[in-house]
Each structure stands twice: as structure tokens, then as C-alpha cells.
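**Student:** prediction below, plus the sequence it came from.
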Amino acid sequence: MINWSQTFKTLMSTETVPGVLFMGVLFTFAAWLGGRAVRLAVHRLLDRSQEDGADPTGIRFLGQLSRLMVYIFAAVCYARGIPALEKFGEVFLTSVGVVSIVVGLAAQSTLGNLISGISLVLYRPFKIGDRLKVSVPTGTETGVVESIDLGYTVLRTMDNRRIIIPNNSMASQPCINLSLLPPRSSCDVSVYLASGADLEQGSGILLELAKAHKKLAQIDGCRITRVTAKGTILTLAVSCENPDDAPAIKSDLLRGATARFDTVGIKLV
């Protein structure tokens, strides 16, 4: 007949092998429950943040970090609760110091990535959904930030490739956050000057008209874009903040350019 009382005492004793194994199962199950609770809480926070329009970057990262801390806490509590493991750990660290140094050096990169990930979340040079231009071994790549994990930052390119970069590299290398640039609409204007026309004078007139226009957000210059037997095409590269203003701006610039060219004797094709 099974003595349940004695069996229970054996399983709950940290001095026996069955007890050590049973406690390990309990701590593992408790860590799994804790990690699952953290994950569910993070999902709820993400749902609320999406409804409120908040940035989910920090919530995702802190959720992963919290789950990791739950597992580490469970492992430490288990090791501290088992006398045999505590004594074994002391003997191991005392007699095999070289191994601990090697493990520490090997974990240096991992810890560096973790700390860099925390830095990226705190200082927020970019967030999930931002479009970045970064330097990787294959050259310069542009992609959208998919996730910032404990060790790596994942970018998705336009052709659906995944670029996985260690957080340490992301925190130390220069990158261009294209999402921080204000959205602008191009409203370039091209004019076809007849052969023999003064190109410098024509470019100057176009640039003057652009500088005088109040709705232009940026002027990138005036360049020669085509040369033919009939003449030369000059293109004024400009942009505006409101796409709806682009047609009216182009019309204003062309009307003003035509009037000024007639005044100075520059012929159009």
C-alpha cells in the first residue's frame, strides 16, 4: 500500500532527488504561468495603445524583458531553494574560475545587445513602423522597423527581405530615419528653351519665381534635364507640403516664367 504522506514528504523535500526534480517541475510551471500572464498583459496593452494611437515599441520591448526577468527570477529562486545546487554552484565557481570568465566574455555581446535595446527604447531614435536607411554588410539598405527585440532589431525591405541587426550595432551606427522627414509633394516645372537662349538667365528667372512663391516648402535647384537640336529643357525642382496645392503652384510658376521670358526675349519651343 502506498504511503501518500511519506511520498508527499519525499517530493517536497529538497534533500532527495525526487524532491529536487519535483520542485524543478513546479518552478518551471510557475515560470511558464508568469510568462504567459505577462504576454497576455502586453497584448492587452498593445490593443489599447493601437486604439489610442500610442507607440507600441516600448510596450513590446518591456513585455519581452519582463518575461525574461520572470524566468531568471524562477531559476534563481529554484537554485537558492535547493541546498545541493547551492553548494554545487559554490564549488563549481571556486574550482572552475576560468570557465566562468569564458562564459562572461561570451555573454558580453548578448548583454551589450540587451542594454543597447533598452537604450533604443528609452531614447527612441526610431520606433516600430519607421522607415530607416542603414548600413549593412551588403551595403546601404532601406526598410521599415518590424520589431525591436531583446537582442536584435528587425527591418523589412520593400521586396519583403528581413534585415536582422544586433541592437548594439543599431545603437552605435548612424542611420537615417526617413519617417521623421515632413511629407512633401513634388511639383517640378519644366520649360523648353529655344536653341541659343541664355540658360543662366533662364535658370535665374525660375529660381526667383520659386523663392517668391509662398506655398513652396523646398527648392532643390534648377537643372538641365535634356538637350535637343531644337533647344534645352530646364527643370525647376521644387516641392510643397500640401499635394492639393501642386497643380496651382505649377500653373503659377509656368505663367510667371512665360511672362518673364517674353520680357527678356527668351524664346520657348
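**Tutor:** That came in fine, so what should we check first? Only a predicted model underlies this, so the values are computations on that prediction, with no experimental measurement involved.
**Student:** now do the helices in the protein.
**Tutor:** Assigned by DSSP state H, the helices in the chain fall at 4-12, 17-52, 57-81, 83-95, 97-123, 167-172, 199-212, 246-264.
**Student:** domain ranges for this structure, per the record?
**Tutor:** What automatic domain parsing lists as the domains of the chain is 4-95, 131-179, 185-264.
**Student:** show me where this protein dips below the pLDDT cut-off.
**Tutor:** Applying pLDDT under 70 to the chain flags the ranges 1-20, 42-43, 45-59, 61, 79-108, 181-183.
**Student:** 50 instead, please
**Tutor:** Scanning the chain for pLDDT under 50 picks out 1, 89, 91-93, 95-96, 98-99, 103.
**Student:** quick check: longest strand of it.
**Tutor:** As assigned by DSSP state E, the longest strand anywhere in the chain is strand 216-227.
**Student:** residues of that one that come out buried?
**Tutor:** Residues of strand 216-227 classed as buried: 216, 222 (neighbour count, 16 or more other Cβ atoms under 10 Å). (Each C-beta comes from the backbone N, C-alpha and C, glycine too.)
**Student:** can you list the strands that it pairs with?
**Tutor:** Sheet pairing of strand 216-227 (DSSP bridges) gives strand 231-240 (antiparallel).
**Student:** helix 246-264 and the partner strand, what's the angle between them?
**Tutor:** Strand 231-240 runs at 140 degrees relative to helix 246-264, counting by axes from the mean of the first three to the mean of the last three Cα atoms, to 10 degrees.
**Student:** distance between strand 231-240 and the chain's centre?
**Tutor:** Centroid separation between strand 231-240 and its chain, computed with Cα atoms, centre = their mean, to the nearest Å, is 35 Å.
**Student:** now do the contacts for residue 64.
**Tutor:** Going by Cβ atoms under 8 Å, 6 or more residues apart in numbering, residue 64 touches 149-150.
**Student:** check the one 10 residues further on too.
**Tutor:** Taking Cβ under 8 Å, 6+ apart as the criterion, residue 74 is in contact with 27-28, 30-31, 34.
**Student:** just those now: which is nearest residue 67?
**Tutor:** Ranked by distance to residue 67 (Cβ to Cβ), those are led by residue 34 at 8.0 Å.
**Student:** not counting its neighbours along the chain, what's nearest that closest one?
**Tutor:** residue 70 (4.2 Å; Cβ to Cβ, 6 or more residues apart in numbering).
**Student:** tell me how far residue 151 lies from residue 31.
**Tutor:** Counting by Cβ to Cβ, to the nearest Å, the gap from residue 151 to residue 31 is 20 Å.
**Student:** revised request: answer the last question for residue 165.
**Tutor:** 30 Å.
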